[in-house]
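Peer 1: Got a predicted structure here, sequence first:
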Amino acid sequence: MTSGTTCDLRRVPRGAGRRAAALVAVLLGAAVLGAGCTTGGGVGSAVTPTGTSAPPRSASPGASPGPSGPAAVEVAEVADVTTGLDVPWGIAFVADGSALVTLRDEARLVLVAPDGDVRDVTGPGADALADVVAPGGEGGLLGVAVLPEGGPTDDGATDDGATQDGATEDGATVDVVLYATTADDNRVLRGTLDGTTLGALTPVLTGIPRARNHDGGRLAVGPDGYLYVTTGDAGQPARAQDPASLGGKILRVTADGAPAPGNPDPGSPVWSLGHRNVQGLGWSSDGRMFAAEFGQNTWDELNVVEPGGNYGWPVVEGAGGTDRGFVDPVATWPTSDASPSGLAVTDEGVYLAGLRGERLWRLPLLPPVPGDARAGLGAPQALLVGEHGRLRAVAPAPDGSLWVLTNNTDGRGDPRDGDDRILRVVVR
C-alpha cells in the first residue's frame, strides 16, 4: 500500500444493540496533526540522555509526586517459566495470572500458566488466525492485549469489574485484540476468549501498511481504557510524516476502532506521528506514556509520548529535532546496544527488551519534572547482558516479577537448547 490511498478503517459492533459497522473515511489533511488514514549488568555507558521539546503530562492536581526507583537494582532470580516456544512475540496477562502469548510465525495463540503449563488456544478465532495471517520477515501474529470489560466510559474511566490490564475480576471471559499481518495489510482483530476457546474474530482496524520490516505491532490498553496501536513505516519513511497514513504512528482508538475521544484530531485515530517503528508501550502511575522505538542505523530511542507529538522520523533519527518542532527522545542508544522491542513500566523503573543488544535495559523512574522529561528518569542500567540472547518483550507479572520473552528462533538469533523461552526475572 502506498501513501495517499484510503484505508479501510472500520467501527465494528462490540455487542448486541451497538450500531452497525460503518466505514470511517479520513481525508488527507494538510496539517501535521490532520486526520489520517491511508493506504546482569552495571550502569550502561552507551546510552545518551537527551532532552525533549514538550513537557511530560503532569499528574492530576492533588496526586502523589510520582514513582521513584533506586538508582540501580540487582537481578535476584532468573528462572524458566516455559521453554520450546516458536518465535513468541506478544504477551498479555489475564486475571488468573496466566499470560496470553502470540507465536509470530505459527500464527498461534497460547495460554501460559504461572507454573509453565502451556495450553493451545483453539476455537473459531484460532482457526481464522491460521487462515488469515501471512507471516514473513517481521510480520505475522504480533501484539495482543486484553480489553477492559465494557470499555471506557465517557470520561475515560473503565467500568467497575475491570482490572487495569483489562482482565475481568472473576476471570470468566475476556475480549482480546490481536495485531495480525495478512497478505494485504496489518489489522487489529477482536474476539472473546472463554477459557482457551477464542470466538469469532471481527476487525477493529484494517489497512495498516505491512512489510517484511518496520512492521510495528504492539497493542496496549492505556490507563484511560482506550486501545493504543503502534505501526511502523513499513519501509516507506515518508509515511511517518504523512497525517493521512496509518504508517509510522501511535494510534488511539475505541474497542470498535473509532478515533478515541480526546484525540488531537477528533476524526483521526492518530495520537502521535513521526515514528519509524515503535514496538514498546507503557505508562507510569503518574500518567507518563513511554514508547520504545527502533532507529535506522544510529540511534534507538525511548520517548515520552504526548498527544499530537511529532517524533521526527525520517527527518531526524535520535535527538536534535527540537528547533524544527520535533520532540526529542528522553534516551538514545546505539542500535548495536539495544534494538528495543517490548517495554514494561513498574513502580520503580522503565524496562526495555533488547534484541540486537541482547540485554534488558532499565531506567529508574523519578518524579516528573515539568518541562524536562529527561529529569524524570535516572541513569540507564543494563541487565542480563548476553545471558539469554535476543529479548523480544518484557511484561510486569501479577506476582511482581517480570516475564521476559526471548527471540532466538526469529531468524536472526542463535537458538540454544530450549529456545525460545519465557524467563521469570526478579529484581531487587
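Peer 2: It's in.

Peer 1: can you pull the contacts of residue 338?
Peer 2: Residue 338 makes contact with 300, 352, 354, 356-357, 359, 361, according to C-beta atoms under 8 Å, 6 or more residues apart in numbering. (C-beta placed from N, C-alpha, C; glycine too.)

Peer 1: cool, residue 410 as well?
Peer 2: Residue 410 neighbours (C-beta under 8 Å, 6+ apart): 87, 104, 390, 392, 420.

Peer 1: Quick check: what element follows whatever helix or strand the fourth one lives in along the chain?
Peer 2: Secondary structure here is read from DSSP states H and E; on that basis residue 392 sits in strand 391-396. Note on strand 391-396: by DSSP H and E, the next helix or strand toward the C-terminus is strand 402-406.

Peer 1: what's the average pLDDT for that next one?
Peer 2: Mean pLDDT, strand 402-406: 98.

Peer 1: Tell me the bridge partners for residue 176.
Peer 2: Judged by DSSP bridges, the bridge partners of residue 176 are residue 146, residue 191.

Peer 1: Please report how far it lies from residue 188.
Peer 2: Between residue 176 and residue 188 the distance is 11 Å, computed by C-beta to C-beta, to the nearest Å.

Peer 1: before we move on, what about residue 334?
Peer 2: Plainly put, residue 334 is 32 Å away from residue 188 if you go by C-beta to C-beta.

Peer 1: contacting residues around the closest residue to residue 345 other than its chain neighbours?
Peer 2: Nearest residue to residue 345 in three dimensions, chain neighbours excluded: residue 282, at 3.6 Å (C-beta to C-beta, 6 or more residues apart in numbering). Contacts for residue 282 (C-beta under 8 Å, 6+ apart) come out as 220, 289-290, 343-345, 350.

Peer 1: gap between residue 282 and residue 354?
Peer 2: From residue 282 over to residue 354 the distance is 15 Å, taken as C-beta to C-beta.

Peer 1: Now do the same for residue 297: helix, strand or coil?
Peer 2: Assigned by DSSP: H, G, I helix; E, B strand; the rest coil, the conformation of residue 297 is coil.

Peer 1: pretty sure it contacts residue 335?
Peer 2: Yes. Counting by C-beta atoms under 8 Å, residue 297 touches residue 335, with 6.5 Å between them.

Peer 1: More neighbours: those two, which one.
Peer 2: residue 335 (19 against 7; other C-beta atoms under 10 Å).

Peer 1: Correct me if wrong: that one contacts residue 299.
Peer 2: Yes. Between residue 335 and residue 299 there is a contact under C-beta under 8 Å: 7.1 Å.

Peer 1: before we move on, the earlier item: could I get the contacts of residue 282 as JSON lines with secondary structure?
Peer 2: Converted to JSON lines, those look like this (three-state DSSP):
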{"residue": "220", "secondary structure": "strand"}
{"residue": "289", "secondary structure": "strand"}
{"residue": "290", "secondary structure": "strand"}
{"residue": "343", "secondary structure": "strand"}
{"residue": "344", "secondary structure": "strand"}
{"residue": "345", "secondary structure": "strand"}
{"residue": "350", "secondary structure": "strand"}
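
Peer 1: Any stretches of the stretch 151-300 of the chain with poor pLDDT?
Peer 2: Within the stretch 151-300 of the chain, the stretches with pLDDT under 70 are 151-172.

Peer 1: With neighbour count as extra columns, can I get the contacts of residue 410 in CSV?
Peer 2: Formatted as CSV, the contacts of residue 410 follow (neighbours: other C-beta atoms under 10 Å):
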residue, neighbour count
87, 22
104, 25
390, 25
392, 24
420, 26
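
Peer 1: Looking at those, which one is closest to residue 268?
Peer 2: Nearest to residue 268 among the contacts of residue 410 is residue 104, at 28.9 Å by C-beta to C-beta.

Peer 1: Compute the distance between that closest one and residue 197, please.
Peer 2: 22 Å.

Peer 1: What of residue 331?
Peer 2: Distance, residue 331 to residue 197, using C-beta to C-beta: 42 Å.

Peer 1: of those two, who's got more company?
Peer 2: Applying other C-beta under 10 Å to residue 331 and residue 197 shows that residue 331 carries more neighbours, namely 29 against 15.

Peer 1: Just want the phi and psi numbers for that one.
Peer 2: Recorded main-chain torsions at residue 331 are phi -160, psi 150, according to degrees, to the nearest 10.

Peer 1: give me the number of residues near residue 113?
Peer 2: Neighbour count of residue 113, defined by other C-beta under 10 Å: 14.

Peer 1: is it true that it touches residue 119?
Peer 2: Yes. With contacts defined as C-beta under 8 Å, residue 113 counts as touching residue 119 at a distance of 7.5 Å.

Peer 1: can you give me the mean pLDDT across the strand holding residue 392?
Peer 2: Confidence for strand 391-396, expressed as mean pLDDT, is 98.

Peer 1: how about the spatially most central residue of the chain, what does it touch?
Peer 2: Against the mean C-alpha coordinate of the chain, by C-alpha atoms, centre = their mean, the closest residue is residue 218 at 3.3 Å. Each residue near residue 218 by C-beta under 8 Å, 6+ apart is listed here: 90, 142-143, 179, 229-230, 278-281, 342.

Peer 1: again, only this time at 6 Å
Peer 2: Contact analysis of residue 218 by C-beta atoms under 6 Å, 6 or more residues apart in numbering lists 143, 230, 279, 281.

Peer 1: next one: residue 293
Peer 2: By C-beta under 6 Å, 6+ apart, the residues touching residue 293 are 275, 278, 301.

Peer 1: wait, which of those residues is closest to residue 401?
Peer 2: Residue 401 lies nearest to residue 278 out of the contacts of residue 293, by C-beta to C-beta, at 25.1 Å.

Peer 1: Secondary structure element holding the closest one?
Peer 2: For residue 278, the host element (DSSP H and E) is strand 278-283.
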